[in-house]
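> Show me the folded form of this:
(chains A and B)
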Number of protein chains: 2
Amino acid sequence: MCAGPAAELGVTLSVLAEEGDGSAAQVVRSAPVGDYTDPATVLDFARHCDVVTFDHEHVPAPVLSALAQAGVPLHPSPEALVFAQDKLAMRTRLTALGIPCPRWAAVATAAEAAAFGDSVGWPVIAKVPTGGYDGKGVLVASAPEEVAEWLARGPVLLEELVAFRRELAVLIARSPSGQAAAWPVVETVQENGICVEVHAPAKDLSPDLAADATAAGLRIAGELGVTGVLAVEIFETADGFVVNELAMRPHNSGHWSMDGAITGQFEQHLRAVLDLPLGDPRPRCGVTVMANVLGGQYDSLYPAYKHVMARDPGLRVHMYGKGVRPGRKIGHVNVVSESYADAHERARHAADYLQGVVTE
Amino acid sequence: MCAGPAAELGVTLSVLAEEGDGSAAQVVRSAPVGDYTDPATVLDFARHCDVVTFDHEHVPAPVLSALAQAGVPLHPSPEALVFAQDKLAMRTRLTALGIPCPRWAAVATAAEAAAFGDSVGWPVIAKVPTGGYDGKGVLVASAPEEVAEWLARGPVLLEELVAFRRELAVLIARSPSGQAAAWPVVETVQENGICVEVHAPAKDLSPDLAADATAAGLRIAGELGVTGVLAVEIFETADGFVVNELAMRPHNSGHWSMDGAITGQFEQHLRAVLDLPLGDPRPRCGVTVMANVLGGQYDSLYPAYKHVMARDPGLRVHMYGKGVRPGRKIGHVNVVSESYADAHERARHAADYLQGVVTE
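Numbers count the residues shown, from 1 in each chain, chains lettered A, B, ... in the order given. This next block holds a predicted model:
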């Protein structure tokens, strides 16, 4: 999704692709295939790049340090990225900064887990500190023995189960020279740990909460030295908010901005990591609802794709060129409208139709 | 400029490039270099394409007929494209359809030229029927001898000099199955035969004229069997309009739509030639001013580019990856705003700054 903005900006992209027919390799001219976990491969790839950035956080530390030692400009830097890779590091740092977090503990034994659960109340949220994604590596534990298997492999992050009203996200872009820009706070709707919709801006959000959450996002970006896009996922609670997760890359909660904001997140990420002046993150007009298209009933989406385009010419459908697997994010739909109800009905219908959940 | 929309639509592009470092070749993964005037080269290229379309009208007839004979789906078809290639064919056909045109004549001799000029009044507009572009192949003739050189090479199209108020353009997209969609009528501002600005929609345009011009555009697209984007350049006169030129491809007068319309012209062209349902061509909100960036003072645009982006984060700057030559179109700037005055001031400043016309 960086390919279009890169072309318009006059920026040449090169992607280290996992497979020759991967999504990015389909649309980027320079897309050598290689193993991103192998330092030599990544170093060789990076030799012809002015700046290296990431589309996920799972790049191993030895690769990052090899690049940094070779003097390759990395955005975000390994020092910042660690807070998106390691949830324990993140909790420790955010707590030190006074950013609102759920009550949490790093536990190494069942006894420590029991003590934490007894103090905040069961059930608790258990997280493997590194490597999780879309709900993987996270569980709701009602007793210490439910995290025993994880504990056998290392420390586990436990958090209180937050009684939240809804989930929000603050997206920030920050450049190496320190310029930062914040998109409006959005609402994210999750099902089974996977984001299914984003409503931008979040409906009926208190201006004070919007300001506080945005200020927290900007402060986290600055204090952690983030460069590029930072997504701060937060829980709205009865008396404010707590931070749930951090991601340091263009994020699903920002896909609405491709059609709904003056500057979309993929363009802004490129501008940020290249230290170009940042673009205006405000909505173009109206409100946007983004609905993820998950792999569903159809092996070939083409007939359904034509149907939804014909039914609603105002849809903005983005497909990723991925094979269909049930539950896999294979595209998304944006609808910009004057009303949330209209945008939601249209985006929801299109995503449901593409998934085979509705057939008319 | 099709590359971004193609990626989002999940459409694989392949470009027959004039040079390995040409604009399209920089951003399209499959971009073999070849001579588009050689039938064998183009046939070989077309073998792996589902649909072939064009980014200019100067593809020779032998190439088009070789492709058609080989059964390659061409959009627009050679039968339609001829009306964008040959201004005499266009004038003959539009006149037969009753579409308003300037008074015109095909002249083969100086005597015929003299007779036409004497009847409509001098000066007249003289046009070489084929091969013109950006004012080349067009001149204002005050006497028959001024077209003598062109007459020696073949028939010349003469047209009355229209006392127009301003220039407008109607852009239409039409698909093989006959669906058509019209963007709002825009005003185009020309200097020295080159389009420098587009104001979308045209300011203070009479609703009747807008409806009549749009109807004429849709009728031309249908009657000529155009597939893809059709640009109809028209003169607004005291009592209506006359058609000036036709182009059958995404057109400079439609660049505003990349940021200002729900569906931009490059996406719509792809949807049309692939016979996908067309998208909504209406403005997203407000008005858009597009200013072309012509090659100017700077060999390297990078410092100026950073300046204009920093000065105005709401600018949409599109650069084409072309070398800078004075007067060459190397990019454009779109500004979407609530007011023409604001959009114009900002787009004009950015283009002027990038050209070195202003330095602050």
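> Tell me how many other residues surround the residue in chain A positioned nearest to chain B.
Nearest residue of chain A to chain B: residue A:4, at 2.3 Å (CB to the nearest CB). (C-beta placed from N, C-alpha, C; glycine too.) Residue A:4: 23 surrounding residues under other CB atoms under 10 Å in any protein chain shown.
> next one: the one 3 residues further on
Applying the criterion other CB under 10 Å, we find 28 residues in the vicinity of residue A:7.
> phi, psi of it?
phi -60, psi -40 (degrees, to the nearest 10).
> Which residue, other than its chain neighbours, is closest to it?
residue B:27 (4.1 Å; CB to CB, 6 or more residues apart in numbering or on different chains).
> thinking again about what came up before, give the contact list for the residue of chain A closest to chain B.
A:266, B:3-5, B:7-8 (CB atoms under 8 Å, 6 or more residues apart in numbering or on different chains).
> do the same with residue A:241
Neighbour list for residue A:241: A:100, A:168, A:209, A:212-213, A:216, A:234-235 [criterion: CB under 8 Å, 6+ apart].
> what two of those are the furthest from one another?
Farthest pair in the contacts of residue A:241 (CB to CB) is A:212 and A:235. Separation: 13.3 Å.
> if we can go back for a sec, distance check, the residue of chain A closest to chain B against residue B:162.
39 Å (CB to CB, to the nearest Å).
> residue with max distance from the center of chain A?
residue A:111 (33.6 Å; CA atoms, centre = their mean).
> which stretches of the stretch 101-250 of chain A form strands?
Shown for the stretch 101-250 of chain A, the strands assigned by DSSP state E, counting those that start in this stretch span residues A:104-107, A:124-127, A:138-141, A:156-160, A:166-174, A:180-182, A:186-191, A:194-200, A:228-237, A:240-247.
> So which of the ones you listed is nearest residue A:80?
Closest among the strands of the stretch 101-250 of chain A, using CB to CB: strand A:228-237, at 8.6 Å.
> That closest one close to chain B?
No - counting by CB under 8 Å from any CB of the partner chain, chain B has no neighbours in strand A:228-237; the shortest distance is 15.8 Å.
> Okay, now the sheet partners of that strand, with direction.
strand A:166-174 (antiparallel), strand A:240-247 (antiparallel) (DSSP bridges).
> so of these, which one's packed in deepest?
strand A:166-174 (a mean of 26; mean count of other CB atoms under 10 Å in any protein chain shown).
> Using PDB, write down the CA coordinates of that one.
Extracted C-alpha coordinates of strand A:166-174, given in PDB (Å, rounded to 0.1, in the frame of the first residue of the first chain):
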ATOM      1  CA  ARG A 166     -14.800   0.600  23.500                       C
ATOM      2  CA  GLU A 167     -11.400   0.400  21.800                       C
ATOM      3  CA  LEU A 168      -9.800   3.500  20.300                       C
ATOM      4  CA  ALA A 169      -6.600   4.100  18.400                       C
ATOM      5  CA  VAL A 170      -4.300   7.100  18.100                       C
ATOM      6  CA  LEU A 171      -2.000   7.200  15.100                       C
ATOM      7  CA  ILE A 172       1.000   9.500  15.000                       C
ATOM      8  CA  ALA A 173       3.600  10.000  12.400                       C
ATOM      9  CA  ARG A 174       7.000  11.300  13.500                       C
END
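> just checking, which of the strands of the stretch 101-250 of chain A sits deepest inside the structure?
Most buried among the strands of the stretch 101-250 of chain A, counting by mean count of other CB under 10 Å: strand A:166-174, with a mean of 26.
> for that one, what is the average pLDDT?
Strand A:166-174 shows a mean pLDDT of 98.
> Strand A:194-200 and that one, what's the angle between them?
Put simply, strand A:166-174 runs at 70 degrees to strand A:194-200, going by axes from the mean of the first three to the mean of the last three CA atoms, to 10 degrees.
> what's the angle between strand A:166-174 and strand A:186-191?
Using the same axes, to 10 degrees: strand A:166-174 against strand A:186-191 is 130 degrees.
> List the contacts of the residue lying closest to residue A:356 once chain neighbours are set aside.
Nearest residue to residue A:356, sequence neighbours excluded (CB to CB, 6+ apart): residue A:297, at 2.6 Å. With contact taken as CB under 8 Å, 6+ apart, residue A:297 is in contact with A:355-357.
> so which of these is the most crowded?
residue A:355 (22 neighbours).
> where's that one relative to residue A:322, distance?
Taking CB to CB, one finds residue A:355 at 14 Å from residue A:322.
> swap in residue A:20?
14 Å.
> distance of the closest residue to the residue farthest from the centre of chain A other than its chain neighbours from residue A:124?
Of all residues not flanking residue A:111 in the chain, residue A:144 sits nearest, at 7.7 Å (CB to CB, 6+ apart). Applying CB to CB, the value for residue A:144 to residue A:124 is 9 Å.
> nearest to residue A:152, of the contacts of residue A:241?
residue A:235 (29.6 Å).
> Settle this for me: that closest one is touching residue A:242, isn't it.
Yes - counting by CB atoms under 8 Å, residue A:242 is a contact partner of residue A:235 at 5.2 Å.
> tell me which strands and helices the helix or strand of chain A with the lowest mean pLDDT is in contact with?
Ranking every helix and strand in chain A by mean pLDDT, DSSP states H and E puts helix A:23-27 at the bottom, with a mean of 88. Where contact means 3 or more CB pairs under 8 Å, 6 or more residues apart in numbering or on different chains; DSSP states H and E, helix A:23-27 is packed against helix B:3-9.
> Just the CA atoms of the helix it packs on, as CSV, please.
Only the C-alpha atoms of helix B:3-9 are listed here, as CSV (Å, rounded to 0.1, in the frame of the first residue of the first chain):
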residue,chain,number,x,y,z
ALA,B,3,0.2,2.2,-10.9
GLY,B,4,-1.3,3.1,-7.5
PRO,B,5,-4.9,2.5,-8.5
ALA,B,6,-3.9,-0.8,-10.2
ALA,B,7,-2.3,-2.0,-7.0
GLU,B,8,-5.4,-1.2,-5.0
LEU,B,9,-7.8,-2.8,-7.5
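> Output the contacts of residue A:297 in JSON lines, with secondary structure appended to each entry.
As requested, these are arranged in JSON lines below (DSSP: H, G, I helix; E, B strand; the rest coil):
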{"residue": "A:355", "secondary structure": "helix"}
{"residue": "A:356", "secondary structure": "coil"}
{"residue": "A:357", "secondary structure": "coil"}
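> could I get the strands of the stretch 101-250 of chain A as CSV with distance to residue A:15?
Below are the strands of the stretch 101-250 of chain A laid out as CSV (distance: least, CB to CB, whole Å):
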stretch, distance to residue A:15
strand A:104-107, 36
strand A:124-127, 30
strand A:138-141, 29
strand A:156-160, 32
strand A:166-174, 20
strand A:180-182, 25
strand A:186-191, 27
strand A:194-200, 24
strand A:228-237, 16
strand A:240-247, 19
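> among the ones you listed, which is nearest residue B:247?
strand A:194-200 (37.1 Å).
> Which pLDDT value belongs to residue A:15?
pLDDT for residue A:15: 95.
> circling back to that earlier point, show me which of residue A:20 and residue A:322 is the more surrounded one.
Higher neighbour count among residue A:20 and residue A:322: residue A:322, with 16 against 10, using other CB under 10 Å.
> Any idea how far stretch A:254-262 is from the middle of the chain?
14 Å (CA atoms, centre = their mean, to the nearest Å).
> my bad, stretch A:251-259
Using CA atoms, centre = their mean, the offset of stretch A:251-259 from its chain centre is 9 Å.
> next one: stretch A:113-121
30 Å.
> Likewise for stretch A:127-143?
On CA atoms, centre = their mean, the centre of stretch A:127-143 falls 16 Å from that of its chain.
> May I see the buried residues of that stretch?
A:127-130, A:132, A:137-139, A:141 (16 or more other CB atoms under 10 Å in any protein chain shown).
> What is the most widely separated pair among these?
Longest span within these, CB to CB: A:130 and A:141, 18.3 Å.
> What distance do you get for the residue nearest to residue A:320 when sequence neighbours are not counted to residue A:176?
In space, and not counting its chain neighbours, residue A:320 is closest to residue A:23: 4.9 Å by CB to CB, 6+ apart. For residue A:23, the distance to residue A:176 equals 27 Å [CB to CB].
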